[in-house]
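> A predicted structure for the sequence below; I have some questions about it.
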Amino acid sequence: MSLQNLQRFLLLTGSLALISMVGLGARHNFKARQMAAGLLLAAVVPLVSAERGPAESFRPMPDSHSTGEGVLWEAEDLTFRMTAVAGDTIGILGYAAQQWLDDPFFWLNHIAAEDRERVLEACTAAVESGQESVRVEYRAVDVRGERAWVENSLHILRDGKGRPRKLLGRMVNLAEQKRVADVLRQSQKMEEIGHLAGGVAHDFSNLLTVIGGHADLLLASLDPEDPRRASIEEIKKAGDRAATLTRQLLSFSRRRPPTREPLDLAAVVGNLSGMLRRLIGEHIELVTKSKPRLAPIVADAGQIEQVILNLVVNARDAMTGGGLLLVETDQREVPGLEPKSSVPPGRYVILAVKDVGCGMDAATLSRIYEPFFTTKEPGRGTGLGLATVKEIVRECGGHIEVESAVGEGTTFRIYFPATEPLKAPSPSRLAPVAARRGCETILVVEDEENVLAMCRQLLSAYGYRVLEAGSGEGALRLAEGYPSVVDLLLADVVMPGMNGRELAETLTRRLPGLRVLYMSGYTRDAILRHAFPHPEVSYLQKPFTPQTLAAAVRLALDGQPPPPQGPSQSRPENKLRLV
């Protein structure tokens, strides 16, 4: 066996023996520890003569947070002066092995000032208190003066009387683990923001229901020539724009399996344009272009919005000096595989995002889809945006091309397979039934007082007899004491105490033939999480107009199937009748 192989054998044998005994709690087996340490040092000491010893792989101390290569070292017990080192000394701090040994205070001098007192106290206490091992994490200062998170695992060798003789340790770099932990925290923060956005959007939907409803009632009560109509119409327009924004917030905050359906890509971009302009800031000019009569693509609307947002945010961050940002949709037939292209032949709808930012070099381009890879400073990017874009595009059967050069900007082109154009939808039945009146009795259950009052006023205006309750429990008492027939239950799904589904189940058992119409400010996906037992339920999304409410109530009372829905609304697998 060669000297080098013998050293490696002794190093591995001693390390494994020593670490195994620590793990088994061999606190009093002094001779066994000495034997293991002897094997370890016999391998370590000859390795420190070179400027850089071979990068050996060492197993971590028990419960260590780190894996991979590091530096194995020996030091004096209380001065912490290193007397032997082995491993990738240059890789961890940038210093050769001999430099570690020449400076008697190398270890202490390369602990960041803000961590030095804490680390020194922990190690000194372990040595003086009779502990066998200690592990500390801290920021070390490398050869460039930059800080790097490391973990130092120390094992304290003692004589027969328990007095410290030597320190053996292993130092590893924690940079990757810390970076991944930071990304995880950022992702969790974004998830909480999503929850918050969903809750705010839900509450805002209730407010918009009241604002829009009263605006409609006022318009209906005024003469066509009344000068006040213009102001009220502006209020209604503002409410409609707010409702669109609310739906977008709900869409971004939902967490569910994707629902793919025929989509008009140009319409998705158009609906997002207002939000995108607010997102990128005034120093960037956003231009959207679309080829007319695009073929539909099959995708999830929320996921496509996420793709656009991620690409636009990246473009914004690359354009610190401002400039033109172009979001374009087009359609193209790819006749055959083209040079330097991975897009197979076919008919595609193309989304292009072009910026005039800093651009990327070849090395960066080769890594842009790697999870957690980012060129942004800490706190500004998770490194998951383009990885998410690639996965969504792959799930849609699409392809991505990117062109970029340093100082010349970046262009992303996403090719979505085109599908056959949608058939023209038949006229909706909402219009003809919107003006239909009724005389049935409707039990309205809503925990928001202003929405409850709004529903009562609207339904009474259409001729219905309205019973109202602010909770599921109150609705049960009201229904039990009502001397006549209740024809329809109109209930909010999410309420404190008894929710809408539980109320409907109880009432339909007691009142055979009772029709049920649910309403909510949450998305349909949130409603599904309440586990409706029926294959199909009628559901009305807030905010709604008086005409939409009257039409939904009439359809539910008549037991008709839901009216035709546009492609952006249809969710057949949700098993919800949307009216």
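Structure received.

> Break down the stretch 151-300 of the chain into its strands, ranges please.
164-173, 261-263, 284-290, 297-299 (DSSP state E, counting those that start in this stretch).

> To Tyr462, which of those strands lies closest?
Tyr462 lies closest, by CB to CB, to one member of those: strand 261-263, at 32.6 Å. C-beta coordinates here come from the backbone N, C-alpha and C atoms, glycine included.

> could the strands of the stretch 151-300 of the chain be laid out in TSV, adding mean neighbour count and distance to Leu555?
Formatted as TSV, these follow (neighbours: other CB atoms under 10 Å; distance: least, CB to CB, whole Å):
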stretch	mean neighbour count	distance to Leu555
strand 164-173	21	65
strand 261-263	20	22
strand 284-290	16	35
strand 297-299	22	29
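
> out of the ones you listed, nearest to Gly336?
The nearest among those, by CB to CB, is strand 297-299 at 21.6 Å.

> Run through the residues that contact Gly145.
For Gly145, no contacting residues are found, by CB atoms under 8 Å, 6 or more residues apart in numbering.

> which element is it on?
Using DSSP states H and E, Gly145 maps to neither a helix nor a strand.

> Make residue 1 into 21 and carry on from there
That works, and once the first residue is 21, the last one we named lands at Gly165.

> hmm, back to that, save the strands of the stretch 171-320 of the chain as CSV, and put in distance to Gln351 and mean pLDDT too.
CSV is the format used below for those (distance: least, CB to CB, whole Å; pLDDT from 0 to 100):
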stretch, distance to Gln351, mean pLDDT
strand 184-193, 50, 87
strand 281-283, 14, 88
strand 304-310, 10, 92
strand 317-319, 10, 92
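
> Dump those strands to CSV, plus distance to Gln151.
Shown next, in CSV, are the strands of the stretch 171-320 of the chain (distance: least, CB to CB, whole Å):
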stretch, distance to Gln151
strand 184-193, 10
strand 281-283, 63
strand 304-310, 58
strand 317-319, 59
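
> which one of the ones you listed lies closest to Val557?
strand 281-283 (19.8 Å).

> Sheet-wise, list the partners of the closest one with their directions.
Taking DSSP bridges as the criterion, strand 281-283 sits next to strand 317-319 (antiparallel) in its sheet.

> ok, back up a step: nearest to Ala571, of the strands of the stretch 171-320 of the chain?
Set against Ala571 and scored by CB to CB, these come closest in strand 281-283, at 23.0 Å.

> Give the rounded mean pLDDT of stretch 559-573.
Stretch 559-573 comes out with an average pLDDT of 86.

> and the helix or strand containing Arg159, which residues are buried?
Under the criterion of DSSP H and E, Arg159 resides in strand 153-161. Buried residues in strand 153-161, counted by 16 or more other CB atoms under 10 Å: 153-156, 158-161.

> what angle sits between it and strand 184-193?
50 degrees (axes from the mean of the first three to the mean of the last three CA atoms, to 10 degrees).

> Does anything pack onto strand 153-161? Which helices or strands?
Secondary-structure packing of strand 153-161 (3 or more CB pairs under 8 Å, 6 or more residues apart in numbering; DSSP states H and E): helix 109-113, helix 133-149, strand 167-178.

> by contact count, what packs against the first one?
Judged by 3+ CB pairs under 8 Å, 6+ apart, the packing partners of helix 109-113 are helix 117-122, strand 153-161, strand 167-178, strand 184-193.

> Leu569 is nearest to which of those?
strand 167-178 (58.2 Å).

> pLDDT averaged over the closest one, what's the number?
Rounded mean pLDDT across strand 167-178 is 88.

> do the same with stretch 108-125
Averaging pLDDT along stretch 108-125 yields 89.

> How far does it stretch from one end to the other?
From its first residue to its last, stretch 108-125 covers 20 Å (CA to CA, to the nearest Å).

> Please apply the same query to stretch 121-138.
End-to-end distance of stretch 121-138 (CA to CA): 23 Å.

> Contacts made by stretch 405-424 with the rest, please.
With CB under 8 Å, 6+ apart as the test, stretch 405-424 has contacts from 278, 280, 317-319, 323-324, 326-327, 330-331, 333-334, 361-364, 368, 379-380, 385, 388-391, 430-437.

> so Arg178 touches Leu187, yeah?
No - the pair Arg178 / Leu187 is not scored as a contact, 10.6 Å apart, by CB atoms under 8 Å.

> Count the residues that sit near Val200.
13 (other CB atoms under 10 Å).

> For Val333, grab phi and psi.
Here is the backbone geometry of Val333 (degrees, to the nearest 10): phi -60, psi -40.

> That one is in contact with Leu299, isn't it?
Yes - using CB under 8 Å, Val333 is in contact with Leu299, at 6.9 Å.

> can I get the CA coordinates of stretch 339-355 in PDB?
Only the C-alpha atoms of stretch 339-355 are listed here, as PDB (Å, rounded to 0.1, in the frame of the first residue of the first chain):
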ATOM      1  CA  MET A 339     -34.100  47.600 -16.700                       C
ATOM      2  CA  THR A 340     -32.900  49.700 -13.800                       C
ATOM      3  CA  GLY A 341     -32.500  52.700 -16.100                       C
ATOM      4  CA  GLY A 342     -36.000  52.400 -17.600                       C
ATOM      5  CA  GLY A 343     -36.900  51.900 -21.300                       C
ATOM      6  CA  LEU A 344     -39.400  50.000 -23.400                       C
ATOM      7  CA  LEU A 345     -40.900  46.700 -22.400                       C
ATOM      8  CA  LEU A 346     -42.900  44.900 -25.100                       C
ATOM      9  CA  VAL A 347     -45.400  42.100 -24.400                       C
ATOM     10  CA  GLU A 348     -46.600  40.700 -27.700                       C
ATOM     11  CA  THR A 349     -48.900  37.900 -28.800                       C
ATOM     12  CA  ASP A 350     -48.700  36.300 -32.300                       C
ATOM     13  CA  GLN A 351     -49.500  33.200 -34.200                       C
ATOM     14  CA  ARG A 352     -47.100  31.200 -36.400                       C
ATOM     15  CA  GLU A 353     -46.800  28.000 -38.400                       C
ATOM     16  CA  VAL A 354     -43.500  26.300 -37.800                       C
ATOM     17  CA  PRO A 355     -43.000  24.100 -41.000                       C
END
